[in-house]
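**Q** need a structure here:
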Amino acid sequence: MRWNWPGIVMICCCVAGPLCEAAQPAPDASATTDITDEVLVRGTRLRELKAAIVAAEDRFYVRYNELNKVDAFDIECATDAHTGTKLKQRRCLTRLQLEARARNALETLQMFQEQDLELTGRPPTTDPEAVWLAHFDDYRDNMLYLLKMNPDLRRLASESENAQKRYDAEHRRRLKGRLMLVE
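**A** Numbering: from 1, shown residues only. Sure thing, here's the model as predicted:
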């Protein structure tokens, strides 16, 4: 009698199947596991944590600007990209800094226009950093006074700081063990 391969395979499966099941241990009644229908994963995205920082900072700056009596020290925030890049950054500057930058830009523009007319073209006389440094002590004293006198402003500053700490902790946790190059 001649055996063909499909028949041999069928016979082996019929004989080996029950043997394999017998070799398995019997399920233990005490080791039953519950089967869940769904898995719930909770986490916060870094961009959500960053948005919480921005929202906390905005609340602080709005309240600070309400309490602040010196208009030059009011803080304004804007999101823009440096010239030559598409990466946007949030910048919060005092009105004093913004006005000094605007004066510097206007003086620079005038210098280039005068050079085009073959005039001497005076360089800008307004240095935004020098203007800021000249008024920084007054700004700091004003900020510290407002923080000291207003518990609501201190609470908002604390919220902003806590939001930054949550972001930093999550960022460190996600980058743990990875090599980071810092400029």
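
**Q** What backbone torsions are found at the residue at minimal distance from the centre of the chain?
**A** The centre of the chain sits closest to residue 50, judged by C-alpha atoms, centre = their mean, with a distance of 3.5 Å. Listed backbone geometry of residue 50 is phi -70, psi -40, with angles given as degrees, to the nearest 10.

**Q** so it makes contact with residue 167?
**A** Yes: between residue 50 and residue 167 there is a contact under C-beta atoms under 8 Å: 6.1 Å. The C-beta positions use only the backbone N, C-alpha and C, and glycine is treated the same way.

**Q** before we move on, back to that, how about the contacts made by the residue nearest to the centre of the chain?
**A** Under the criterion of C-beta atoms under 8 Å, 6 or more residues apart in numbering, the neighbours of residue 50 are residue 167.

**Q** Now do it, the pLDDT please.
**A** The predicted local confidence for residue 50 comes out at a pLDDT of 93.

**Q** And it, how far from residue 76?
**A** Here residue 50 is placed at a distance of 20 Å from residue 76 (C-beta to C-beta, to the nearest Å).

**Q** what's the answer for residue 93, then?
**A** Relative to residue 76, residue 93 is positioned 6 Å away (criterion: C-beta to C-beta).

**Q** Tell me the buried residues in the helix of greatest length in the chain?
**A** With DSSP state H applied, the helix covering the greatest number of residues in the chain is identified as helix 151-175. Applying a neighbour-count criterion of 16 or more other C-beta atoms under 10 Å, the buried positions in helix 151-175 are 153, 156-157, 159-160, 163-164, 167, 170.

**Q** Likewise for stretch 98-117?
**A** Residues 98, 100-101, 103-104, 111 are the ones in stretch 98-117 that count as buried (16+ other C-beta under 10 Å).

**Q** any chance of these in JSON lines, plus secondary structure?
**A** Shown next, in JSON lines, are the buried residues of stretch 98-117 (DSSP: H, G, I helix; E, B strand; the rest coil):
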{"residue": "98", "secondary structure": "helix"}
{"residue": "100", "secondary structure": "helix"}
{"residue": "101", "secondary structure": "helix"}
{"residue": "103", "secondary structure": "helix"}
{"residue": "104", "secondary structure": "helix"}
{"residue": "111", "secondary structure": "helix"}
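
**Q** Export those as a markdown table, with columns for distance to residue 80.
**A** What follows is the buried residues of stretch 98-117, written out as a markdown table (distance: C-beta to C-beta, whole Å):
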| residue | distance to residue 80 |
| --- | --- |
| 98 | 12 |
| 100 | 17 |
| 101 | 12 |
| 103 | 19 |
| 104 | 17 |
| 111 | 24 |
